[in-house]
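Participant: okay, sequence plus prediction incoming.
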Amino acid sequence: KAGVTQTPRYLIKTRGQQVTLSCSPISGHRSVSWYQQTPGQGLQFLFEYFSETQRNKGNFPGRFSGRQFSNSRSEMNVSTLELGDSALYLCASSPRPGTGPNTEAFFGQGTRLTVV
Amino acid sequence: AQTVTQSQPEMSVQEAETVTLSCTYDTSENNYYLFWYKQPPSRQMILVIRQEAYKQQNATENRFSVNFQKAAKSFSLKISDSQLGDTAMYFCAFMKEYGGSQGNLIFGKGTKLSVKP
C-alpha cells in the first residue's frame, strides 16, 4: 500500500511568485492535513480537508489556501511568496477526522520550499 | 490555548542504554490525546506512541513507553535498549478530543536525539 506522496520534493521560488504543492493521500484516506515546519516556529497546522471541504484552518494569512479533490488528493497554494515562507511543508492523511481508533495520521516526506 | 513544551533541545545516549525525553503541556481540556512522533533525517513523521488522557495506564509500544502524569501535565517518553535507528527528532504533540482531529495537532519544538555506537 503506497504511503502519502508529496510532490515536488524540493522547490525554489522567487519572492512574489506563487507556488502549488500537491499531496496524494493513502488509498482510502479521505482526510488530508497540511503543516508548515520551520526551525523558528516549529510545526504549525495550516488546514485540514475532508470530503472536499475545509474542516479546520490554522492561523495563517489568506495567501495560504488549499483545496481537496473528489479523489481526496489535495493541493495547497501560497501566493505572493515571502522569504519567511521558506519551510518544509508536510501533508498528513487519515481515514477520517476525529479521535477514535484507526484515525492515525500518516505523514508524507514533505516538500522543501525555498524562497529567494 | 494549548501549549506543548519540550525543554531538552538535544540529547544523546549510548546504544543499548535507556533515555527519557521530557514533555509538558498546558490545557484546560479534560479529555485529550497525547502523542510522540519521530522525524528521522528522511523527514517523514512517524507516530511512535499515543496516550488517551482518560486512560490511567501508561501506553507502551515495544521499546517505547510513556510516563503520563495528568495532574502534573507531564508526558515523558522512555526509549529502552536504544538503537542507532532511533536517532531522530522527537516531537511531543497534543490534540483535544472534542472537535479535535489529526488535522490540528499542536506540537512541541522537538528534541534531537542522537544514539551513539
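Facilitator: On my side now, so go ahead. Numbers count the residues shown, from 1 in each chain, chains lettered A, B, ... in the order given.
Participant: got the residues of chain B near chain A?
Facilitator: B:33, B:42-47, B:50, B:91, B:95, B:97, B:100-110 (Cβ under 8 Å from any Cβ of the partner chain). C-beta coordinates here come from the backbone N, C-alpha and C atoms, glycine included.
Participant: just the buried residues of the residues you listed.
Facilitator: Buried members of these, counted by 16 or more other Cβ atoms under 10 Å in any protein chain shown: B:33, B:43-45, B:47, B:50, B:91, B:95, B:97, B:100-110.
Participant: for the closest residue to B:N67 other than its chain neighbours, helix, strand, or coil?
Facilitator: Closest residue to B:N67 apart from its sequence neighbours, by Cβ to Cβ, 6 or more residues apart in numbering or on different chains: B:S76 at 4.7 Å. Counting by DSSP: H, G, I helix; E, B strand; the rest coil, the backbone at B:S76 sits in strand.
Participant: which residues does B:S76 contact?
Facilitator: Applying Cβ atoms under 8 Å, 6 or more residues apart in numbering or on different chains to B:S76 gives the contacts B:20-23, B:66-67.
Participant: mind redoing it with 6 Å?
Facilitator: Each residue near B:S76 by Cβ atoms under 6 Å, 6 or more residues apart in numbering or on different chains is listed here: B:20, B:22, B:67.
Participant: I'd like to know which of the buried ones among the residues of chain B next to chain A are part of strands.
Facilitator: Judged by DSSP state E, the subset of those located in strands is B:33, B:47, B:50, B:91, B:95, B:106-107.
Participant: can you put those residues in TSV and add pLDDT?
Facilitator: Putting those into TSV (pLDDT from 0 to 100) gives the following:
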residue	pLDDT
B:Y33	89
B:L47	92
B:R50	92
B:F91	97
B:M95	86
B:I106	90
B:F107	94
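Participant: pLDDT on the helix or strand encompassing B:V66, on average?
Facilitator: In this assignment (DSSP states H and E), B:V66 forms part of strand B:64-69. Across strand B:64-69, the average pLDDT comes to 96.
Participant: stretch B:109-117 too?
Facilitator: For stretch B:109-117, the mean pLDDT works out to 97.
Participant: quick check on the residue lying closest to A:S24 once chain neighbours are set aside: phi, psi?
Facilitator: Here the nearest residue to A:S24 in space, its sequence neighbours aside, is A:T5; by Cβ to Cβ, 6+ apart that works out to 4.4 Å. When quoted as degrees, to the nearest 10, the phi and psi of A:T5 stand at phi -110, psi 120.
Participant: per-residue confidence, A:T5, what does it come out as?
Facilitator: pLDDT, read off for A:T5, is 96.
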